[in-house]
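Novice: here are the coordinates; sequence isn't available:
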């Protein structure tokens with residue numbers, strides 16, 4: 001089916017490459033889906049070049065015409081769908097970004113069932129005194145459930161900061177406590193976009209706690225670190241990409257609506273991390289789809305060793321988004337947010353994203369070149385998947401192939 005997942009994945013890989021440039025031995029985690037939704041929200045208030053730049057960064061320009069989530073999602077709630085059509089037609093403005101596709105995805109993710117908690121929240125905090133367009137307020141609420149709040153950055157910056165941080169903490173069940181440290185928001189701020197995601201799920205097959213033992217994790221060629229290594233043996237989907245000597249494992253969450261996919265580089269003889277760089281340099285949308293496709297991953301008995309880990313990622317995305325091509329929205333002389341506010345001087349001051357991911361025996365808590373050769377090796381009776389060195393992982397919504405979280409674990 002035509003899907004919004006392709007633009008989200010392409011944006012994900014662009015963003016990962018930018019964030020990873022100066023982070024050779026550092027952990028990274030972020031939610032490309034969550035950030036895409038937040039930027040789509042800003043796009044509702046943007047016009048002309050400002051809007052076009054957001055579309056380009058989100059990869060929806062090329063994807064025009066194929067960013068619907070497919071009729072199968074709409075048909076899941078036909079009566080609600082028709083009800084929404086009339087009120088949403090005015091919100092799905094000109095341009096290549098299909099807001100209804102994002103909305104359909106969000107509705108889908110809010111109904112994952114009792115084994116999942118997934119909270120995705122966006123808030124725009126705007127300097128008091130700016131008059132906002134009524135249609136923008138209506139559409140952000142209808143499409144994205146976003147609430148716009150006025151604060152006084154200019155006269156009461158500390159109170160504004162506290163208000164934002166308190167909202168974030170409550171939305172993430174207390175996991176993300178201080179999104180904005182003192183001094184991060186300037187007294188000249190006009191519009192701050194805050195985007196948080198909280199995710200909690202149980203594995204389809206839980207790891208037994210008594211089987212968790214201490215083992216060494218190879219940080220790099222010379223360093224080792226003792227970690228709590230979880231263990232289980234069972235039937236899992238496993239793939240092997242010969243050209244980059246990588247194993248790919250799928251660990252499903254309850255009812256298999258979502259899975260964690262782990263890309264583990266080969267254990268290079270000298271223990272260097274060049275295997276990880278090899279995966280990174282060949283990781284395109286097409287390859288990722290190919291490597292993780294059901295035709296190339298086969299169910300087999302696997303002994304899985306996976307470290308317990310907690311990751312937090314906080315990013316102020318202003319600079320990175322500008323490098324990716326979203327320049328006008330941050331520039332006073334060029335920003336066109338006239339669909340948001342009548343004020344000519346409105347610019348986006350900060351885009352901050354924070355993610356929290358915890359992987360343990362129970363499951364996961366998280367907040368916020370084509371033609372690769374894949375072979376079925378003649379397998380021993382039991383494969384071993386030993387994640388005792390840096391690896392990449394992502395959490396995928398299986399029905400739509402949307403990547404909710406993406407990360408690199410260098411040091412558990």
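Specialist: The structure has been received and is ready for your questions. No experiment lies behind these values; they were computed from the predicted model shown. Numbering: from 1, shown residues only.
Novice: tell me where this protein has helices.
Specialist: Counting by DSSP state H, the chain has helices at residues 5-20, 32-44, 48-57, 71-74, 78-88, 99-109, 134-144, 157-171, 274-281, 285-291, 318-323.
Novice: list the buried residues in stretch 245-255.
Specialist: For stretch 245-255, the neighbour count (16 or more other CB atoms under 10 Å) marks 246-254 as buried. Using the backbone N, CA and C atoms, a C-beta is placed for each residue, glycine as well.
Novice: ok, the residues you listed vs residue 405, which is closest?
Specialist: The closest of the buried residues of stretch 245-255 to residue 405 turns out to be residue 253 (CB to CB; 12.0 Å).
Novice: excluding chain neighbours, what is closest to the closest one?
Specialist: Of all residues not flanking residue 253 in the chain, residue 201 sits nearest, at 4.2 Å (CB to CB, 6 or more residues apart in numbering).
Novice: okay, the helices of the chain in CSV with mean neighbour count, distance to residue 386 and mean pLDDT next?
Specialist: What follows is the helices of the chain, written out as CSV (neighbours: other CB atoms under 10 Å; distance: least, CB to CB, whole Å; pLDDT from 0 to 100):
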stretch, mean neighbour count, distance to residue 386, mean pLDDT
helix 5-20, 21, 24, 95
helix 32-44, 25, 28, 92
helix 48-57, 20, 38, 94
helix 71-74, 15, 38, 38
helix 78-88, 12, 47, 46
helix 99-109, 21, 32, 88
helix 134-144, 18, 42, 89
helix 157-171, 17, 37, 91
helix 274-281, 17, 13, 86
helix 285-291, 18, 19, 93
helix 318-323, 16, 34, 93
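Novice: thinking again about what came up before, what's the spacing between the residue nearest to residue 253 and residue 258?
Specialist: Relative to residue 258, residue 201 is positioned 6 Å away (CB to CB, to the nearest Å).
Novice: please apply the same query to residue 319.
Specialist: In this view, residue 319 and residue 258 are 31 Å apart by CB to CB.
Novice: tell me where the stretch 151-300 of the chain is predicted with low confidence.
Specialist: 268-274 (pLDDT under 70).
Novice: the longest strand seen in the chain: which residues count as buried?
Specialist: Criterion DSSP state E: the longest strand present in the chain is strand 224-241. Neighbour counts over strand 224-241 (16+ other CB under 10 Å) mark 227-232, 236-241 as buried.
Novice: and of these, the nearest to residue 53?
Specialist: Among the buried residues of strand 224-241, and counting by CB to CB, the member closest to residue 53 is residue 241, at 34.7 Å.
Novice: so that closest one touches residue 264, yeah?
Specialist: No: taking CB atoms under 8 Å as the definition, residue 241 is not a contact partner of residue 264, at 10.4 Å.
Novice: who touches both of the two?
Specialist: Jointly contacting residue 241 and residue 264 under the rule CB atoms under 8 Å, 6 or more residues apart in numbering are residue 248.
Novice: the residue nearest to residue 253 and residue 145, how far apart?
Specialist: As judged by CB to CB, residue 201 and residue 145 stand 21 Å apart.
Novice: compare neighbour counts for these two and give me the winner.
Specialist: Comparing residue 201 with residue 145 by other CB atoms under 10 Å, the one with more neighbours is residue 201, at 24 against 15.
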